[in-house]
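Q: Sequence first, predicted coordinates after that:
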Amino acid sequence: MRQQINGQQSKFSLGQVLATPGALEVLGKSRQQPAEFLARHARGDWGDLSEEDRLLNDQALTDGSRLLSTYRTSRGTKLWVITEAADDQGRRAATTILLPEEY
């Protein structure tokens, strides 16, 4: 089931949304909300990915594999948004906002 995020239709379900302590600290310092990055991720704006990784994400929308986006905060810190692969019923359990070094 697709969701609406910030009034926009998502291309896939995010499942449970999580954020690591490091990501929350960086977002607080940049005065940005997680919803900003979640909305971009959910609408298929993969951020600063290579063309190869963009194509993998586009394929993941069809085959249910993991989705990854990478963004920079207003202060230049890199954030990842990862949505887990879908289960056998096509449900994605969770999406996590994290710093690359927390992976």
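A: Perfect, I can see it now. Not measured: the values here are computed from a predicted model.

Q: Tell me where this structure has strands.
A: Using DSSP state E, the strands of the chain run over residues 4-5, 8-9, 16-19, 67-72, 78-83, 94-98.

Q: Tell me how many other residues surround residue 90.
A: Per other CB atoms under 10 Å, the neighbour tally for residue 90 reads 10. To be clear about C-beta, it is placed using only N, CA and C from the backbone, and glycine gets the same treatment.

Q: which residue packs closest to it, ignoring adjacent ones?
A: Of all residues not flanking residue 90 in the chain, residue 64 sits nearest, at 6.2 Å (CB to CB, 6 or more residues apart in numbering).

Q: Pretty sure the one you found sits against residue 85.
A: Yes: the criterion here is CB atoms under 8 Å, and residue 64 meets it with residue 85 at 5.9 Å.

Q: what do those two both touch?
A: Shared contacts of residue 64 and residue 85, defined by CB atoms under 8 Å, 6 or more residues apart in numbering, are found at residue 92.

Q: between those two, which one's more packed in?
A: More neighbours surround residue 64 than the other of residue 64 and residue 85, with 18 against 12 (other CB under 10 Å).

Q: For the more buried one, what are phi and psi?
A: phi 80, psi 10 (degrees, to the nearest 10).

Q: quick one, what contacts it?
A: With contact taken as CB under 8 Å, 6+ apart, residue 64 is in contact with 85-86, 90, 92.

Q: Hmm, which of those is lowest in pLDDT?
A: The lowest pLDDT within the contacts of residue 64 belongs to residue 90, with 89.

Q: First-to-last residue distance for stretch 19-37?
A: Chord length of stretch 19-37, first to last residue, is 11 Å (CA to CA, to the nearest Å).

Q: Next: stretch 73-81.
A: Stretch 73-81 has an end-to-end distance of 12 Å (CA to CA).

Q: for stretch 15-27, same thing?
A: Length of stretch 15-27, first residue to last, CA to CA: 21 Å.
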